[in-house]
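*Asks:* okay, structure incoming, though there's no sequence with it:
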Ligand code: ATP
């Protein structure tokens, strides 16, 4: 089986598990779904909340130099004019006039079919795990279909944004396979607009925020004046953002309503921004590893300086190897002081601060780590999902589905299982332990079905530990249990104290 088949299967398995076990549903599913919108189910919200809480704890609560904020989703429309979003928050849009499909030109690729040095038309493909291989396969098909003799040159992959006016009518639409229906790319603004107030005219036009970051810039002075902060310091926010993505796809990876965790780290105008940038890249990387993402799936991508916005000094993305390819997970940008300057100009309110140490007044510069919660959620599921063959104690083999989630983010930390439902002493002791653990941790009580089946149910939702209250428990002091570990499936006897210590060590 090819790698692409395996990846597609993994993606299918993740989407199916997410639905089956109540992690993620399509939004408005009974009406056929709504493209680009998703709902999080009972287990999904806990996993998502744990990701958010871990980030907030590590980014804000456990740091002395970062404070939190929550700003409104709809802000004054002038914010988005000053930030450049009204004028320039666009993606290049391509229409297929025949199928009415729309594509992002930077996610649509084409190549010439060249046989013995002569071009015999073009092939196209959407961005995929291996776009070059897809285009090569398409070119070979053209050669076969047209019965072309000679040697097919390896394809040269080009973005549709690079297509010349002469090439565009010759490039086939991915929807129909026929040339002639694709339009030249045009700018499409991704902000959702709405109207505020009773009047619906140009003066009431407003926007749903496409990022949370502008909230930190607009409230910069408020925080400085009230927050006892001094440079360098950060302002962090978690909240929903909205983008009218042309092609929402890959499940929750690219949606139209999503959640961001962003932090603006303000530094002195003369500070060594490269060092600060590097330190934040490292911090973000380490944090991802701390919630269980394997280093083998992570990589860094430095944006080419020439392609950055003029004010940007450097952007590095932490990339994750998703089943559909290596894609951006977390962007860490050094943005200079462009945003604060823009708001100072547009509002007429100076955004300088007086730095006690250097006795200087200036507009600070900023490093911005910006990440999507939903993208982390998907990365976590993809890395944690495993199917393995196991042999039970009767020698039968079966497939076990397991989510190897880090205890930090697992929606359920411990399942408490009385060995037998009908034995009251067992259930009474189990319920007492369950109630006690519940005060601090997300725990699950389950007394129905064979114990092996109950373990499997927990494996599938990523519960790191199961505790079984068995006869040894009630025959003794009632203080020891069988602890079963999800990944190794090993079982050992622990006391209640040992169980609490284990949780304390791993769930933080
Ligand atoms: P992309 O190039 O993938 O569209 P971007 O570079 O526009 O992303 P940023 O504007 O830097 O993204 O947003 C910061 C982070 O927010 C991204 O790294 C990503 O984790 C998340 N994000 C952005 N757009 C979406 C989306 N449509 N759905 C889910 N998460 C998103």
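*Replies:* Arrived safely, thanks for sending. Small disclaimer: the values here were computed from a predicted structure and weren't measured. Numbers count the residues shown, from 1 in each chain.
*Asks:* count of neighbours near residue 214?
*Replies:* 22 (other CB atoms under 10 Å). Where you see a C-beta, it was placed from the backbone N, CA and C, and this is true even at glycine.
*Asks:* surely residue 331 touches residue 319?
*Replies:* No - applying CB atoms under 8 Å, one finds residue 331 not in contact with residue 319, separated by 10.2 Å.
*Asks:* what ranges does this structure have for its helices?
*Replies:* Here the chain has its helices, by DSSP state H, at 3-20, 42-56, 77-82, 85-88, 131-145, 213-218, 220-226, 273-290, 338-347, 373-384, 424-438, 451-461, 471-475, 496-506.
*Asks:* can you pull the contacts of residue 242?
*Replies:* Going by CB atoms under 8 Å, 6 or more residues apart in numbering, residue 242 touches 73, 191, 192, 208, 209, 210, 256, 257, 258.
*Asks:* which of those residues has the most neighbours?
*Replies:* Neighbour tally across those (other CB under 10 Å): the maximum, 25 neighbours, falls on residue 209.
*Asks:* so how far is residue 67 from it?
*Replies:* Using CB to CB, to the nearest Å, residue 209 is found at 20 Å from residue 67.
*Asks:* what of residue 278?
*Replies:* From residue 278 to residue 67 the distance is 23 Å (CB to CB).
*Asks:* near the ligand, which residues of the stretch 251-400 of the chain show up?
*Replies:* Counting by CB under 6 Å from any ligand atom, the residues of the stretch 251-400 of the chain lying close to the ligand are 254-255, 258, 260, 328-331, 370-372, 374-375.
*Asks:* closest one to residue 185 out of those residues, please.
*Replies:* Closest approach between those and residue 185, by CB to CB: residue 254, at 18.3 Å.
*Asks:* what are the bridge partners for the closest one, then?
*Replies:* Residue 254 has the following beta-bridge partners by DSSP bridges: residue 249.
*Asks:* surely it touches residue 245?
*Replies:* Yes - using CB under 8 Å, residue 254 is in contact with residue 245, at 5.6 Å.
*Asks:* who touches both of those two?
*Replies:* residue 36.
*Asks:* burial measure for residue 89, as a count.
*Replies:* 18.
*Asks:* let me fix that, I meant to ask about residue 196.
*Replies:* Quick note: residue 196 (other CB under 10 Å) scores 14 neighbours.
*Asks:* how close does the nearest residue to it once chain neighbours are set aside get to residue 73?
*Replies:* In this structure, residue 196 finds its nearest non-sequential neighbour in residue 206, 4.5 Å apart by CB to CB, 6 or more residues apart in numbering. In this view, residue 206 and residue 73 are 10 Å apart by CB to CB.
*Asks:* which residues does the residue in the stretch 351-500 of the chain positioned nearest to the ligand contact?
*Replies:* When scored by CB to the nearest ligand atom, the stretch 351-500 of the chain has residue 372 as its residue closest to the ligand, at 2.8 Å. Going by CB under 8 Å, 6+ apart, residue 372 touches 258, 259, 260, 261, 329.
*Asks:* isn't residue 321 right next to residue 297, touching?
*Replies:* Yes - at 4.3 Å, residue 321 counts as touching residue 297 under the criterion of CB under 8 Å.
*Asks:* the more surrounded of those two?
*Replies:* residue 321 (20 against 16).
*Asks:* which residues does the more buried one contact?
*Replies:* 296, 297, 298, 299.
*Asks:* burial measure for residue 508, as a count.
*Replies:* Using other CB under 10 Å as the criterion, residue 508 is surrounded by 12 other residues.
*Asks:* ok, for it, nearest residue in space, not its chain neighbours?
*Replies:* Leaving aside its sequence neighbours, residue 508 is closest to residue 408 (6.6 Å, by CB to CB, 6+ apart).
*Asks:* surely that neighbour is in contact with residue 464?
*Replies:* No - with contact defined as CB under 8 Å, residue 408 does not count as touching residue 464 (9.7 Å).
*Asks:* between the two, which contacts overlap?
*Replies:* In terms of CB under 8 Å, 6+ apart, residue 408 and residue 464 are both contacted by the residues residue 506.
*Asks:* between these two, who's got more neighbours?
*Replies:* Shown here are residue 408 and residue 464; by other CB under 10 Å, residue 464 has more neighbours (24 against 19).
*Asks:* could I get the phi/psi values of that one?
*Replies:* With angles defined as degrees, to the nearest 10, residue 464 sits at phi -70, psi -30.
*Asks:* where in the stretch 301-450 of the chain is pLDDT low?
*Replies:* Within the stretch 301-450 of the chain, not a single segment meets pLDDT under 70.
*Asks:* and if you look at the stretch 1-150 of the chain?
*Replies:* 1-4.
*Asks:* now residue 248. Nearest residue, chain neighbours left out?
*Replies:* Ranked by CB to CB, 6+ apart and with sequence neighbours excluded, the top spatial neighbour of residue 248 is residue 36, at 3.3 Å.
*Asks:* that neighbour contacts residue 253, correct?
*Replies:* No - when contacts are counted by CB under 8 Å, residue 36 is not listed as touching residue 253 (11.0 Å).
*Asks:* higher neighbour count, those two?
*Replies:* Between residue 36 and residue 253, residue 253 has the larger neighbour count (other CB under 10 Å), namely 23 against 20.
*Asks:* with adjacent residues omitted, what lies nearest to the more buried one?
*Replies:* residue 378 (5.5 Å).
*Asks:* same check on residue 129?
*Replies:* Leaving aside its chain neighbours, residue 129 sits nearest to residue 325 (4.1 Å; criterion: CB to CB, 6+ apart).
*Asks:* tally of neighbours for that neighbour?
*Replies:* By other CB under 10 Å, the residues close to residue 325 number 16.
*Asks:* from residue 42, how far out is it?
*Replies:* In terms of CB to CB, residue 325 sits 31 Å off from residue 42.
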